[in-house]
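Engineer: When you get a sec, could you give me coordinates for this:
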Amino acid sequence: TLTLGGATGDDSDAIKVAPGGVYIYDNSNDYCKVTSGGLYVYEGGNNVAHFAETTVIGRNASNKITLNGGSGTVTIGSKFTATATGVIQVTDVELSGMVKVTGTDRNVSIGDGQTDLGDDNVAIGNNAGAALAANGDDNVLIGTNAGLAVTTGDDNICIGTGAAIANDTGNNNIAIGQDTMENLDLANTCIAIGTGALAGADLANNEAYRCTAIGYHSMYSISGSNSNIYSSVNWNVAIGFESLKVLDSTGNSATGPAADIYKGAGNVGIGYQAGVAMTTGWKNTCLGAFAGDDLVTGFKNVLLGVGARTGDPADSNSIVIGAEVDGKGGSTAVIGGTGVDTYLGVNDSGTVSGDLYCRNITVLTDDWIGIGSSAERIVFDEAGSVEVHGAQFGVGTDPTYDCDILAASGTTTLRVNAATGENARIFFSENGSYQWNIKHAADDSGKIWVTPTGSGNGAYMAQTSSSWQSGSDQRMKRIFVILIKG
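Structural biologist: You can find the predicted model right below:
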């Protein structure tokens, strides 16, 4: 053994050459050793570095750096590994600042199986955007197999495992959730949010245009054959759990859990199971939980309120407003809650063709019911009277005179009935000035008088008499003669 420097028997500040290696000491605990196995560095008596084919720096297993010359792997602690093939495995990543990805096509790809074709695409996840071609631009594809089949499609957003997995050339779609748009080969301007939304399971051509499906399995099993954007299942809106789950029609809107319309077109259903039984009904509006849940083939109905129903699955052109209200048949309008019968008949063009049925009609003071404010009308004024304006008044007949009465059978009767102790009178006037009156005086039991205004005596007939008697007024005597001769 050869020792250079240091005191005799002391390893401090010495170089020692001995069999098996060369030692360079600072002291007995801090030194370097060179052997056939490499260079070893000790600190405080601990091996803190070893330089050889496999180099290790650090003595703590969770913090040491290992460079494996054989495999080309660099390991830092237990959570970072870089291989010679360019693969970096990191358990946790915390970034501060900006991450830049540069390239001529401005694509960002993270995962396995992506291509670098197309421009301005983001593909994150195994096989996300794996089929992107040269003209497939401006797509965002995140999740395993998200946008897997997209080739030349543009401006698509697909987030979730298998989101829009079959869509290849479709444009301007948003698919968020596992297996959204799962079976659509060509989707354009569609929105699908929720697991299995707009899956298109039974669609013959696997195409859909301008549809919106939001909610778990909304528009899940759509069927039909699309030849253009105006046919089959296009232009539909479904919002809610399994809304429009089974669909074979176009232009429908359904909002609410299990709001369902099967084959009808142009329908709107908002509320839990609104229009749930509909098959071929079309242009119906059902608003409220269970609204129109009995409607099957009817069309052009408006049903507003929880449980508002037509009353017949084939009724059409009806309006039903109110909770738990049933319609009165096709071409009628019903308004009111349970026990309220207010309805109006209408025809296909929307004009009145039937009767108005109601319990009561209440109007405000000086309001009217009639054709118009300057035409035939009945006025209810604040004085407590009811006035008929602009019309002749007929009872049982089309009037020829201002007031015309015709009995349906037998004698025509006009009855004037006074309260007990009061006079029963009929006045005849000109421009509001009374001229004559016919009365049954309360104090003349059994007599009816015909009297000129201002005179207490006129002609009268007693109940037990068959002829007229005259009072003191000479005019009445002459009238009396005329009545008798007449």
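Engineer: For stretch 423-434, output the C-alpha coordinates as CSV.
Structural biologist: Extracted in CSV, the C-alpha atoms of stretch 423-434 (Å, rounded to 0.1, in the frame of the first residue of the first chain):
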residue,chain,number,x,y,z
ASN,A,423,-146.9,48.7,-9.3
ALA,A,424,-146.3,46.7,-12.4
ARG,A,425,-145.9,49.2,-15.3
ILE,A,426,-145.0,49.5,-19.0
PHE,A,427,-144.0,53.0,-20.1
PHE,A,428,-144.3,54.4,-23.6
SER,A,429,-142.1,57.5,-24.2
GLU,A,430,-140.7,59.7,-27.0
ASN,A,431,-137.1,60.8,-26.7
GLY,A,432,-137.1,59.9,-23.1
SER,A,433,-140.2,61.7,-22.2
TYR,A,434,-143.0,59.5,-20.8
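Engineer: Report the rounded mean pLDDT for it.
Structural biologist: Mean pLDDT, computed over stretch 423-434, is 70.
Engineer: and what of stretch 117-131?
Structural biologist: Mean predicted lDDT for stretch 117-131 stands at 93.
Engineer: and if you look at stretch 168-176?
Structural biologist: For stretch 168-176, the per-residue pLDDT averages 94.
Engineer: Ends of it, what's the gap?
Structural biologist: Start-to-end span of stretch 168-176 (CA to CA, to the nearest Å) is 17 Å.
Engineer: which residues make contact with that stretch from outside it?
Structural biologist: Residues from elsewhere that reach stretch 168-176, judged by CB atoms under 8 Å, 6 or more residues apart in numbering: 131, 149-160, 163-164, 167, 181, 184-194, 197-198. No exception for glycine: its C-beta is placed from N, CA and C like everyone else's.
Engineer: can you check stretch 132-151 too?
Structural biologist: Here stretch 132-151 makes contact (CB under 8 Å, 6+ apart) with 111, 114-115, 117-131, 152-169, 185.
Engineer: In strands, which of the residues you listed fall?
Structural biologist: Residues of the contacts of stretch 132-151 located in strands (DSSP state E): V122, A123, I124, I157, C158, I159.
Engineer: For the last one, the count of nearby residues, please.
Structural biologist: If you count neighbours by other CB atoms under 10 Å, I159 ends up with 22.
Engineer: contacting residues for it?
Structural biologist: V140, I142, G143, A146, A175, I176, G177.
Engineer: From G118, how far off is the first one?
Structural biologist: Taken as CB to CB, to the nearest Å, the spacing of V140 relative to G118 amounts to 12 Å.
Engineer: and those two? which has more neighbours close in?
Structural biologist: G118 (24 against 20).
Engineer: Look up how far A308 lies from I270.
Structural biologist: 12 Å.
Engineer: Tell me the residues that contact both of the two, please.
Structural biologist: Residues touching both I270 and A308 (CB under 8 Å, 6+ apart): C286, L287, G288, A291.
Engineer: my read: the first one touches L303, true?
Structural biologist: Yes. Using CB atoms under 8 Å, C286 is in contact with L303, at 4.9 Å.
Engineer: quick one: contacts for the most centrally placed residue in the chain?
Structural biologist: The centroid of the chain falls nearest to T255 when counting by CA atoms, centre = their mean (3.9 Å). Residues in contact with T255 (CB under 8 Å, 6+ apart) are V237, A238, I239, G240, S243, G269, I270, G271, A274.
Engineer: Against I174, how distant is it?
Structural biologist: Taken as CB to CB, the span from T255 to I174 is 18 Å.
Engineer: One more: G136?
Structural biologist: 16 Å.
Engineer: What is the nearest of the contacts of I159 to L364?
Structural biologist: Of all those, I176 has the smallest distance to L364: 54.3 Å, by CB to CB.
Engineer: give me the beta-bridge partners of the closest one?
Structural biologist: I159, I193 (DSSP bridges).
Engineer: mind listing what G86 touches?
Structural biologist: G86 neighbours (CB under 8 Å, 6+ apart): none.
Engineer: mind checking pLDDT for it?
Structural biologist: With respect to pLDDT, G86 scores 81.
Engineer: now do S353
Structural biologist: Here, the pLDDT recorded for S353 equals 52.
Engineer: cool, and L203?
Structural biologist: 61.
Engineer: okay, now Y272: neighbour count?
Structural biologist: Per other CB under 10 Å, the neighbour tally for Y272 reads 20.
Engineer: ok, now which ones touch the closest residue to it other than its chain neighbours?
Structural biologist: Nearest residue to Y272, sequence neighbours excluded (CB to CB, 6 or more residues apart in numbering): A289, at 4.2 Å. A289 sits next to G256, G271, Y272, Q273, A274, V306, G307 when contact means CB under 8 Å, 6+ apart.
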